[in-house]
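**Q** predicted coordinates and the sequence they were generated for:
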Amino acid sequence: MARRLPLLISFPILLTLIFSAAWTFLDDTSLSSLGPHSLWPLFSPSTSPPEVGGLRISEMTRDEYINSSAPFPSFRQALVPGTNYMSIGLGAGLANQIIATMNLLLVSRLSNRIPVLSDFTRDYGHMPLGEHEHSQSNAGLPVDELFDLKKYTELTSFPTLGWRDLKSPEAPLERASCYESHDQVDRIIPASALTGNQATGESAIEVDIWSSPSSISDIHRIQNLVRFLGDEEGRKEHEEELLAKWGRGEIGMQLDGWEPRRPRGEFVCWSELYYFYTDRFDERWETSWPAWRAVGTHLHFAQPLLKVVEEYKEQVLGDPSKKYISIHARHGDFGRGTPPSTYLPHVLSLQSRHPSLATAPVLVFSDETDDAWWLGVKDQGWLRMDHEKLRTSQERGAWYPALIDMVLLSESGALIGTQASTFSLLAKLRVQDWGGGETILV
């Protein structure tokens, strides 16, 4: 059975700078106005940016990057000739998918392409099936249900699209070819040979996978990807080489009646972008992280979500305007069982050094399932964000415990998070950038 991807909405599971010191002198306003050529020196000051051609996407009106009659049965009907696009697949935990989406927005901006955002996909390792759910529900989460994309465009001048903008619901199956970036082996894989899809009832695209050149699969640097996207001749040579190897039976699979279709240069899709970076992978733990500075800090939460969070904040804190300290204790797949007492010195330090937090309540978020651990939280006089008691999933849907936690952590007066957790990482950056709060990772 051919692998089906929802509206190409999510590419589920299938598809997983040298940094100039000048960055630190740029404020958010100047970053927002940077186009492909002016942004490039911040990442690779010794080289020239790729030729992107055409109008800069920051200068386009909507009818210059999407057919005014869209959506259509085929997403290709919605594309405007002469305009380039890019999309990615998503998988793993929500925070990792957000980071991949940030990288998509950054790469699109550098390569002068319109980003087509995929829905976030549910990963059952991070978001297990609830007792009230009788079967796996694979409905994706539209990005604009989490983030205010209109505000993002207002702040950065860069537009975005989603798959629902391009393709009609329940439209016929389409076929596309996408690049992957992990395997360091040349290959072309037909969609029908791929397994593990999380199917939905929505219209779909079956995706054939093409390996990327070694300059990308060996080193996941954003600069290399941008150069590849801007090098039409180089892409054709790479694809010709893969096709020749496939024709000789050296790579991929030979299936009756199946012939590879080359990726389309004007519409590029990539397996995933989570692992991409500008200088090194761990740059994301620094406040100067380019993807955060140029993109992430401008991804504010959607207003309807914020209104929902206010209701939960009132239920838990009583006064929704009250400042609070958050603890995000990631256990679960991290294999940790950090006792609540470990956080007490950090809480006392924050309360003693920040007068506005001197009497602030402490709100604890954790995937810990041990009742004794939560009793330790209660003994400290701290509050628990208990979505089972609040019946959040039953009343709002499976995504909402994570979404509400994400917003509440980001609105903290101060945050104590978990080292190496990307959920804590994004909360840390938001608390610092948006609220000027102190953050500690344990």
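**A** Sure thing, it's come through.
**Q** CA only for contacts and neighbour counts going forward, please
**A** OK.
**Q** do a quick rundown of the strands in the stretch 1-150 of the chain.
**A** Secondary structure of the stretch 1-150 of the chain (DSSP state E, counting those that start in this stretch): strands located at 5-6, 85-88, 114-117.
**Q** could you dump the last one to CSV, C-alpha only?
**A** The one in question is strand 114-117. Only the C-alpha atoms of strand 114-117 are listed here, as CSV (Å, rounded to 0.1, in the frame of the first residue of the first chain):
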residue,chain,number,x,y,z
ILE,A,114,7.6,30.5,0.4
PRO,A,115,7.4,28.1,3.4
VAL,A,116,4.5,25.7,3.3
LEU,A,117,4.0,24.6,6.9
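**Q** confidence score at the spatially most central residue of the chain?
**A** Nearest to the mean C-alpha position of the chain, by CA atoms, centre = their mean, lies residue 98 at 2.1 Å. On the pLDDT scale, residue 98 is placed at 95.
**Q** how close does it get to residue 114?
**A** For residue 98, the distance to residue 114 (CA to CA, to the nearest Å) stands at 18 Å.
**Q** in the chain, where is pLDDT below threshold?
**A** 1-55, 124-138, 181-204, 217-218, 247-260, 262, 332-337 (pLDDT under 70).
**Q** try it again with 50
**A** For the chain, the stretches with pLDDT under 50 are 1-38, 40-53, 192-203.
**Q** domain-wise, how is it divided?
**A** As recorded under automatic domain parsing, the domains making up the chain are 5-298, 303-441.
**Q** tell me what the helix or strand containing residue 364 is packed against?
**A** Take DSSP states H and E as the rule and residue 364 turns out to sit in strand 362-366. On a contact count with 3 or more CA pairs under 8 Å, 6 or more residues apart in numbering; DSSP states H and E, strand 362-366 meets strand 325-329, strand 383-384.
**Q** next structured bit after that strand?
**A** Next in sequence after strand 362-366, counting helices and strands by DSSP H and E, comes helix 371-379.
**Q** follow-up on the earlier one: just the strands of the stretch 1-150 of the chain: most buried one?
**A** Across those, averaging neighbours per residue (mean count of other CA atoms under 10 Å) puts strand 5-6 on top, at a mean of 28.
**Q** list the beta-bridge partners for residue 301.
**A** residue 147 (DSSP bridges).
**Q** now the strand holding residue 364 and helix 371-379, what's the angle there?
**A** Here strand 362-366 runs at an angle of 170 degrees relative to helix 371-379 (axes from the mean of the first three to the mean of the last three CA atoms, to 10 degrees).
**Q** between strand 325-329 and strand 362-366, find me the angle.
**A** Here strand 362-366 runs at an angle of 20 degrees relative to strand 325-329 (the same axes, to 10 degrees).
**Q** could you list the buried residues of strand 362-366?
**A** Buried residues in strand 362-366, counted by 16 or more other CA atoms under 10 Å: 362, 363, 364, 365, 366.
**Q** what's next to that strand, contact-wise?
**A** Residues from elsewhere that reach strand 362-366 (CA atoms under 8 Å, 6 or more residues apart in numbering): 324-331, 377, 382-385, 405.
**Q** now do it: distance to the chain's middle.
**A** Relative to the mean C-alpha coordinate of its chain, strand 362-366 is positioned 24 Å out (CA atoms, centre = their mean, to the nearest Å).
**Q** pairing partners for that strand, with directions?
**A** strand 325-329 (parallel), strand 383-384 (parallel).
**Q** chain center to stretch 56-72: distance?
**A** Per CA atoms, centre = their mean, the displacement of stretch 56-72 from the mean C-alpha position of its chain is 23 Å.
**Q** show the end-to-end separation of that stretch, please.
**A** Length of stretch 56-72, first residue to last, CA to CA: 25 Å.
**Q** for residue 142, which of the strands paired with strand 362-366 is the nearest?
**A** Residue 142 lies closest to strand 325-329 among the strands paired with strand 362-366, at 25.0 Å (CA to CA).
**Q** mind listing what's buried along that closest one?
**A** Neighbour counts over strand 325-329 (16+ other CA under 10 Å) mark 325, 326, 327, 328, 329 as buried.
**Q** residues in contact with the helix or strand following that strand?
**A** Downstream of strand 325-329, the next assigned helix or strand under DSSP H and E is helix 344-353. Helix 344-353 has contacts (CA under 8 Å, 6+ apart) with 325, 357, 358, 359, 360, 414, 416, 440.
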